[in-house]
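**Student:** Mind folding the following:
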Amino acid sequence: MAMEGEEKRLISTEELNKHNVASDLWISIQGKVYEVTNWVKDHPGGELPLLNLAGQDVTDAFVAFHPPAAWKRLDRFFIGYLSDYKVSDVSKDYRRLVVEFSKLGLYEKKGHVAFATLCFMLLIFSVAVYGILCSESALVHLGCGGLMGFLWIQSGWMGHDSGHYMITKNARINRFLQVLSGNCLTGISIAWWKRTHNAHHIACNSLEFDPDLQHMPVFAVSSRLFGSLTSYFYERKMNFDAVARFLVSYQHWTFYPVMCFARFNLFGQSIFLLLSKKKVPNRLQEIIGVSIFWAWYSLLLSCLPNWGERVMFVVASFVVTGIQHIQFCLNHFSSSVYTGPPRGNDWFEKQTMGSLDISCPPWMDWFHGGLQFQIEHHLFPRLPRCHLRKISPFVKELCKKHNLSYSSASFWEANVMTIGTLRTAALQARDIANPAPRNLVWEAVNTHG
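**Tutor:** Here you go, the predicted model:
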């Protein structure tokens, strides 16, 4: 922390940029500079958002993710003013929208989505369990497996909502719903999800910093990954070796089969984090929650009459919930990508360029869990999903005003676009001699029209 006499000193952007490592970390918010080196490990959103935006102006990201009460906590880190602070016209309009939505009370009006989702989940779970315990029909058991997949999808939406904002007025109940919907019902650690998802939001579609694009050696959405880039999230090099080249070469064929069983990856990632040496808030609580899932799921499987039906049940539940994993990919795989760390001064632009909305009628909103409005969600992550359709016209207008991309497609069109992206990279991966130059030309054409 700075000495008391230095509190109001002027700090240039050049000097701010130099303090960009964990051992010396400054950020700027609305023209004020804060030294947060000793607070990184205690940041509620994890250390990655601060590390990824270290040494930059982070105002847009801050107002997107933090409620008004968070401003009061900044004073103890204040060390001076940014002497050359500037705000782009895009950021001005974006921050104006945040204020307007706040005045309208949209952040506080959450509707009955959480209650309705919870009741729907309880109904699905009860029917699935009843079908297994009270029927001897293999067909019924298969249907129960499918219902379990739908339960996991809805549980995923609730976990996502409760992780972004308080879906209830009570913090303890909100935390309970997080662990219930994530750890206990789906076997996925909410702590792992928060760590991964926060990094994704901050570094949307950065090949090196966004974990949601780092699926080597199975998938590669860009030939830039053929250069064996470093994943700063997983802290390892994403090697493009012979195995990766082979798998990527056929990724447009393997995409859907892999998505059907992508849940195994989430199970493994959760367990690895909980057993790692990394800091995990409420680690014991997280482990107990995941253990509860494996206890009831194993017990439920044991109630089936034979191993054939058990395998059938597991496959059915995984395949159905694979729909959700596909949607996660549709929102970003076919959008623009970039290399390097995220930048605070074009945060809004990166969110719109790297996201794709899925157009659908209002009656399908429950199915998509609000994430069909991916651009709106990325720009206003604290906004309850019941309001995303309402604010969509405002976001479109802002993007049109500043000549920014606003991509939207039907569910079918988004699938076609995603497979097209994977196929293009796959064909480039087969060019053993030199795939990179051809792809860079293709990306330049598609990025700039």
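**Student:** CA atoms only for the strand or helix carrying residue 174 - export them in PDB, please.
**Tutor:** Element membership for residue 174, per DSSP states H and E: helix 171-179. Taking C-alpha atoms only, helix 171-179 is exported to PDB below (Å, rounded to 0.1, in the frame of the first residue of the first chain):
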ATOM      1  CA  ALA A 171     -26.900 -15.200   1.100                       C
ATOM      2  CA  ARG A 172     -27.000 -18.500   3.000                       C
ATOM      3  CA  ILE A 173     -30.000 -19.700   1.000                       C
ATOM      4  CA  ASN A 174     -28.300 -18.600  -2.200                       C
ATOM      5  CA  ARG A 175     -25.200 -20.500  -1.300                       C
ATOM      6  CA  PHE A 176     -27.300 -23.600  -0.400                       C
ATOM      7  CA  LEU A 177     -28.900 -23.500  -3.800                       C
ATOM      8  CA  GLN A 178     -25.500 -23.200  -5.400                       C
ATOM      9  CA  VAL A 179     -24.200 -26.400  -3.700                       C
END
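**Student:** what sits up against that helix?
**Tutor:** Residues outside helix 171-179 that contact it (Cβ atoms under 8 Å, 6 or more residues apart in numbering): 114, 118, 158-159, 162-163, 166-168, 190, 285-286, 289. Every C-beta, even on glycine, is put in place using the N, C-alpha and C of the backbone.
**Student:** Among those, which are located in helices?
**Tutor:** 114, 118, 158, 159, 162, 163, 190, 285, 286, 289 (DSSP state H).
**Student:** you'd agree the fifth one is up against residue 183?
**Tutor:** So the one you mean is residue 162. No. In this structure, residue 162 is not within contact of residue 183 by Cβ atoms under 8 Å, at 11.9 Å.
**Student:** neighbour-wise, which of these two wins?
**Tutor:** Comparing residue 162 with residue 183 by other Cβ atoms under 10 Å, the one with more neighbours is residue 183, at 27 against 23.
**Student:** That one contacts residue 290, doesn't it?
**Tutor:** Yes. Residue 183 lies in contact with residue 290 (Cβ under 8 Å); the separation is 4.9 Å.
**Student:** Give the intersection of the neighbour lists for these two.
**Tutor:** Contact criterion Cβ under 8 Å, 6+ apart; residues shared by residue 183 and residue 290: residue 189.
**Student:** and the contacts of helix 171-179, which are buried?
**Tutor:** Neighbour-count burial (16 or more other Cβ atoms under 10 Å) is assigned, among these, to 114, 118, 158, 159, 162, 163, 166, 167, 190, 286, 289.
**Student:** Please tell me how far the fourth one sits from residue 349.
**Tutor:** The one in question is residue 159. Residue 159 is 29 Å from residue 349, where distance means Cβ to Cβ, to the nearest Å.
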